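Colleague: based on what follows, work out the 3D shape:
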Amino acid sequence: MYSLPIVFKLSTAAFLLLWRFMALHHAAWYIGVIAALLILLLLLALRLLTWLRHSGAWTSALIRMIGALLITMLIATSIYGAGFMLAAWWGRRYITNMSLWQLDAVFDRMIDPLLIGSAVGLVSGLALIFWLTRSVVPRYVAVLERRTRKTRHDGLTDARTVSELLPKPIQYDPRRYFQTGLRNEALFLGLDSNRKPVTLSTQIAHETHTQLVGPTRTGKGRIAQNLLAQAIRRGEAVVVFDPKVGADKWLPSVLHSECVTAGLPFRYIDLRADCAQFNLLKGCTPRETMELLTTGLKLGRKGEAADFYRVAERAHLRRTTMANSAEPWSIPELADALGEAAGEDHKKLEGLLELMDELADIPAVQTRAGVDLEDVLTHGGVLYIAGSDLDEDIRMLQPMVVQRLVQLIRRRPRDVGLHVTMFLDEVKHLLSTAVLNSLGMIADRNCNLILAYQSLKDMVCIDANPETTEGVVNTNCAIRFCYRQLEPRTVDWIESQTGKILINVESAEIQRNPALAEVQHETRRVQQVQRATIDANMINQLPSGCAVLLGVGPAKLVFSSPIGVQRQEFSPVPATRITRRQHSVDALLAVDEDRVSTDGNGADLL
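Modeller: Here you go, the predicted structure:
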């Protein structure tokens with residue numbers, strides 16, 4: 001046996017080694033596992049070798065390299081195993097102490113485990129490849145997409161993630177910036193997203209009016225505090241009209257604190273209080289009185305059948321005011337005079353007289369003295385007027401007070417007199433056609449309005465259609481602070497004013513792989529398109545105190561912060577109250593009843 005060539009010795013040794021292995025108790029199981037593992041690893045290596053062949057990412061290249069290395073090792077192992085089995089099969093010929101069929105039985109025992117193991121390895125490998133292709137590859141591609149450093153980061157916003165792009169709220173003390181603004185003759189408007197102050201020349205700010213747009217508790221009160229506090233520090237006259245029940249919690253206290261610091265008077269009128277406070281008609285000419293009552297009582301022409309009766313009411317009002325033009329009026333005295341002058345026409349004028357009685361019954365106007373509106377505009381300080389959005393009588397009075405202030409401003413010569421800043425909150429309760437028509441003129445009379453409302457639906461006035469109101473306000477109010485908004489038309493209106501920017505819009509090829517999973521191709525196509533600088537998604541989710549500032553250069557986000565003061569409660573100073581002679585309508589009805597019951601000739605007057 002030892003004289004045989006070396007190859008025969010090696011083949012015989014291989015067979016003997018195989019013989020001893022097959023003599024083991026679980027040899028068949030070992031063979032099946034080895035066969036299954038080889039097939040499984042071979043399929044896995046083939047899958048890794050073709051891993052995202054289009055991808056240039058280093059991780060993809062590393063996976064393909066691992067696949068190539070693994071398949072090389074498996075091929076080498078398979079060649080070695082095949083050579084070993086061939087040598088063992090050949091070496092069986094040189095075993096002389098056993099019959100050939102006994103030797104061949106060793107190989108017969110290996111066939112079943114090999115076939116079963118190969119089948120198991122094939123099925124397991126295909127299942128593993130399917131799982132990798134359907135689940136792992138798409139997730140891997142998604143991770144690559146997120147981790148890829150893009151050439152530009154701007155693009156279309158997503159409502160689900162836009163809050164991550166918006167700046168966080170900024171808290172600061174705005175008074176730190178007021179003094180710098182005064183020295184530079186600039187108005188401090190807030191801090192931008194980089195915490196840098198945004199200012200506007202006082203001269204430019206005085207050439208137009210301002211709008212504050214946003215629902216309750218979005219930040220309108222904060223910017224109103226800042227703008228009005230700076231007006232007080234500049235020595236201007238400030239008028240605030242707050243028609244909400246309960247009034248603003250902090251604004252009166254902030255303005256009072258600023259007045260105390262500046263040494264200016266703070267006057268407070270509460271239209272709901274049960275005391276006389278001011279004379280609306282003080283200093284009014286007959287024509288101005290007519291204008292006020294025509295607005296407040298809605299006596300203007302509307303193209304309706306009721307215009308016929310309004311003609312008679314206006315004529316009676318004009319005759320009464322002209323007949324007593326030398327006498328100073330108050331609302332109660334005028335109501336009494338109208339009732340007494342009605343005479344036999346009281347039935348025809350009953351609507352006018354009833355409305356005048358409702359006005360005259362408001363305690364706040366039942367005086368000839370009290371707060372002098374003209375004195376406020378002439379000498380400065382703050383006039384804070386608290387009204388109501390529920391009481392019908394006060395809602396009728398409120399636009400008349402605003403119009404009276406506008407009348408006093410219109411009397412001025414151009415560019416003469418103290419500058420007036422007037423803040424009108426919830427303008428739907430305060431604006432009238434007379435005030436709208438005066439927006440352009442009063443800007444030339446050293447007066448600026450700050451108009452606050454919640455959405456375009458609230459930009460209305462008491463005697464004009466919404467389209468007219470919206471057009472006039474937008475034309476004359478160029479500076480706009482627009483806060484978080486959900487009302488669709490208002491959102492579109494704000495977005496359309498922010499301007500357009502160029503952004504990169506990406507498109508990518510999506511392929512369906514053999515495992516029926518969609519995988520994004522690595523190649524991206526970038527196209528430049530335009531979108532709003534601040535789009536609807538951003539406007540819907542603006543943080544509290546953050547506004548879109550329009551009309552001061554390119555649209556930008558600015559943050560306003562409240563002024564910290566000690567909160568105070570205010571009450572009006574009572575004035576001498578007028579006692580009415582008698583309610584005009586009640587008196588006339590009594591006279592009428594007497595005339596109906598009897599007349600001098602015994603005839604029924606009716």
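Colleague: residues in contact with the residue nearest the centre of the chain?
Modeller: For the chain, residue 484 is the residue whose C-alpha lies nearest the centre (C-alpha atoms, centre = their mean; 2.0 Å). Neighbouring residues of residue 484 by C-beta atoms under 8 Å, 6 or more residues apart in numbering: 214-215, 218, 539-544, 546. Just so you know, the C-beta spots here come from the backbone N, C-alpha and C atoms, and that holds for glycine as well.
Colleague: that one - that's part of a strand, no?
Modeller: No: with DSSP: H, G, I helix; E, B strand; the rest coil as the criterion, residue 484 is located in coil rather than a strand.
Colleague: what's the pLDDT at it?
Modeller: The model reports residue 484 with a pLDDT of 95.
Colleague: distance of it from residue 217?
Modeller: Relative to residue 217, residue 484 is positioned 10 Å away (criterion: C-beta to C-beta, to the nearest Å).
Colleague: what residues are shared contacts of the two?
Modeller: With C-beta under 8 Å, 6+ apart applied, the overlap between the contact sets of residue 484 and residue 217 consists of residue 544.
Colleague: in this structure, where's the longest helix?
Modeller: Of all the segments assigned as helix in the chain under DSSP state H, the longest by residue count is helix 58-91.
Colleague: the helices in the stretch 301-450 of the chain, which residues?
Modeller: Along the stretch 301-450 of the chain, the stretches classed as helices by DSSP state H, counting those that start in this stretch are 307-323, 331-342, 350-360, 373-379, 392-410, 433-437, 439-443.
Colleague: and the angle from the fifth one to helix 331-342?
Modeller: Right, helix 392-410. Helix 392-410 and helix 331-342 meet at an angle of 100 degrees, taking axes from the mean of the first three to the mean of the last three C-alpha atoms, to 10 degrees as the criterion.
Colleague: kindly report the same for the third one.
Modeller: Per the same axes, to 10 degrees, the angle that helix 350-360 makes with helix 331-342 is 160 degrees.
Colleague: keeping just the C-alphas, turn helix 350-360 into CSV.
Modeller: Presented in CSV, the C-alpha positions along helix 350-360 are these (Å, rounded to 0.1, in the frame of the first residue of the first chain):
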residue,chain,number,x,y,z
GLU,A,350,-91.3,107.9,16.1
GLY,A,351,-88.4,105.8,14.9
LEU,A,352,-85.9,108.7,15.0
LEU,A,353,-87.2,109.8,18.5
GLU,A,354,-86.9,106.3,19.9
LEU,A,355,-83.3,106.0,18.7
MET,A,356,-82.5,109.4,20.1
ASP,A,357,-84.0,108.4,23.5
GLU,A,358,-81.9,105.2,23.5
LEU,A,359,-78.7,107.3,22.9
ALA,A,360,-79.8,109.8,25.5
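Colleague: list the helices and strands that helix packs on?
Modeller: Helices and strands in packing contact with helix 350-360 are listed as helix 307-323, helix 331-342, helix 392-410, helix 584-597; criterion 3 or more C-beta pairs under 8 Å, 6 or more residues apart in numbering; DSSP states H and E.
Colleague: quick one, what contacts residue 230?
Modeller: Residue 230 neighbours (C-beta under 8 Å, 6+ apart): 178, 181-182, 187-188.
Colleague: tell me the one of the residues you listed nearest residue 65?
Modeller: The shortest separation between residue 65 and any of the contacts of residue 230 is 61.5 Å, and it belongs to residue 188 (by C-beta to C-beta).
Colleague: which element is the closest one on?
Modeller: For residue 188, the element it lies in under DSSP states H and E is strand 186-192.
Colleague: would you list the strands that that strand pairs with, along with their directions?
Modeller: Looking at strand 186-192 with DSSP bridges, its paired strands and their directions are strand 197-201 (antiparallel), strand 556-559 (antiparallel).
Colleague: just to revisit the earlier point, which one of the helices and strands packed on helix 350-360 lies closest to residue 511?
Modeller: Proximity to residue 511, assessed across these by C-beta to C-beta, is greatest for helix 392-410 (65.9 Å).
Colleague: send me the closest one as CSV with only the CA atoms.
Modeller: This file holds the C-alpha atoms of helix 392-410, laid out as CSV (Å, rounded to 0.1, in the frame of the first residue of the first chain):
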residue,chain,number,x,y,z
GLU,A,392,-77.0,97.6,21.4
ASP,A,393,-77.3,101.2,22.6
ILE,A,394,-73.5,101.4,23.2
ARG,A,395,-72.8,99.7,19.8
MET,A,396,-74.8,102.5,18.2
LEU,A,397,-72.8,105.1,20.1
GLN,A,398,-69.3,103.8,19.5
PRO,A,399,-69.0,104.6,15.8
MET,A,400,-70.2,108.1,16.6
VAL,A,401,-67.4,108.6,19.1
VAL,A,402,-64.8,107.5,16.5
GLN,A,403,-66.3,109.8,13.9
ARG,A,404,-66.3,112.7,16.3
LEU,A,405,-62.6,112.2,16.9
VAL,A,406,-62.1,112.1,13.1
GLN,A,407,-64.1,115.3,12.7
LEU,A,408,-61.9,117.1,15.2
ILE,A,409,-58.8,115.9,13.3
ARG,A,410,-60.1,116.9,10.0
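Colleague: quick check: buried residues in it?
Modeller: With burial defined by 16 or more other C-beta atoms under 10 Å, the residues of helix 392-410 counted as buried are 393-409.
Colleague: rewinding a little: out of the helices of the stretch 301-450 of the chain, flag the one nearest residue 455.
Modeller: Across the helices of the stretch 301-450 of the chain, the minimum distance to residue 455, taken as C-beta to C-beta, is reached by helix 433-437, at 18.5 Å.
Colleague: point out where the stretch 401-550 of the chain drops to low pLDDT.
Modeller: Applying pLDDT under 70 to the stretch 401-550 of the chain picks out residues 513-516, 518, 520-524.
Colleague: outline the domain layout of this protein.
Modeller: According to automatic domain parsing, the chain is divided into the following domains: 6-147, 279-369+577-606.
Colleague: any chance of these in JSON lines, with mean pLDDT and distance to residue 168 too?
Modeller: Listed next are the domains of the chain as JSON lines, based on pLDDT from 0 to 100; distance: least, C-beta to C-beta, whole Å:
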{"stretch": "domain 6-147", "mean pLDDT": "77", "distance to residue 168": "23"}
{"stretch": "domain 279-369+577-606", "mean pLDDT": "76", "distance to residue 168": "45"}
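Colleague: name the element residue 142 belongs to?
Modeller: Secondary structure from DSSP H and E places residue 142 in helix 137-147.
Colleague: next one: residue 549
Modeller: Residue 549 belongs to strand 546-550, assigned by DSSP H and E.
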